[in-house]
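Engineer: Dropping the sequence and predicted coords here.
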Amino acid sequence: MVEFLEMPLIISDWNKVLVELNNMKAAPVPDTLFGGVRITLADNILFNLNSAELSETGRKKIEQISLIIASFLKKNPNYLKSLRIEIGGHTDKSGNDTINFPLSYNRSYSVSNVMKEVFNKEKLDLNVIRNVGYGSKYPVPGTEKFLVNPINRRVTIILQLISTELLNLDQFQ
């Protein structure tokens, strides 16, 4: 069970969500591949090498991000109707698909479990969260030629809305 951080923060404004995430070095950017807003977290913060078990630092970071998102959703429950949160696990190209796909899925599962614990505590719908493993299928642009690159061992949190109301591209400039 996760020990939840004390967080008096009540976020009702999407711009405050962006500021809080930016302060955590988890600034969201528009996601042109999947749509919505993407938060990328490096593997070396979250996991040990070849492991899907979250580090203590990684667990706390996911918990904080989840609390920021949950706080916004509690103050703005109308967004829950059109929101999907996809937790995507990624690997670099070392190893093969037999290793990389299960590892990436298990990493996304570890992150989604922490987020679901936070959402459950906040009495939010857990069905908006899903996890996917991509293996080495989507490397960070510019790193496609490298077999081993730690930047590709990552987890992404994509906030997808049926409505693009929150995706004001001017906020990301």
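Structural biologist: Received the coordinates, thanks. Numbering: from 1, shown residues only.

Engineer: any idea whether the residue lying farthest from the centre of the chain is helix, strand or coil?
Structural biologist: The C-alpha centroid of the chain is most remote from residue 145, which lies 25.1 Å away (Cα atoms, centre = their mean). Three-state call for residue 145 (DSSP: H, G, I helix; E, B strand; the rest coil): coil.

Engineer: For stretch 109-122, list every residue counted as buried.
Structural biologist: 110, 111, 112, 113, 114, 115, 116, 117, 118, 119 (16 or more other Cβ atoms under 10 Å). Every C-beta, even on glycine, is put in place using the N, C-alpha and C of the backbone.

Engineer: need those in JSON lines with distance to residue 54, secondary structure and pLDDT, can you?
Structural biologist: As requested, those are exported to JSON lines (distance: Cβ to Cβ, whole Å; DSSP: H, G, I helix; E, B strand; the rest coil; pLDDT from 0 to 100):
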{"residue": "110", "distance to residue 54": "5", "secondary structure": "helix", "pLDDT": "95"}
{"residue": "111", "distance to residue 54": "7", "secondary structure": "helix", "pLDDT": "95"}
{"residue": "112", "distance to residue 54": "11", "secondary structure": "helix", "pLDDT": "96"}
{"residue": "113", "distance to residue 54": "9", "secondary structure": "helix", "pLDDT": "96"}
{"residue": "114", "distance to residue 54": "7", "secondary structure": "helix", "pLDDT": "96"}
{"residue": "115", "distance to residue 54": "11", "secondary structure": "helix", "pLDDT": "96"}
{"residue": "116", "distance to residue 54": "13", "secondary structure": "helix", "pLDDT": "97"}
{"residue": "117", "distance to residue 54": "12", "secondary structure": "helix", "pLDDT": "97"}
{"residue": "118", "distance to residue 54": "13", "secondary structure": "helix", "pLDDT": "96"}
{"residue": "119", "distance to residue 54": "17", "secondary structure": "helix", "pLDDT": "95"}
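
Engineer: JSON lines for the residues you listed, including distance to residue 70?
Structural biologist: Converted to JSON lines, the buried residues of stretch 109-122 look like this (distance: Cβ to Cβ, whole Å):
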{"residue": "110", "distance to residue 70": "18"}
{"residue": "111", "distance to residue 70": "14"}
{"residue": "112", "distance to residue 70": "14"}
{"residue": "113", "distance to residue 70": "15"}
{"residue": "114", "distance to residue 70": "12"}
{"residue": "115", "distance to residue 70": "9"}
{"residue": "116", "distance to residue 70": "11"}
{"residue": "117", "distance to residue 70": "11"}
{"residue": "118", "distance to residue 70": "6"}
{"residue": "119", "distance to residue 70": "6"}
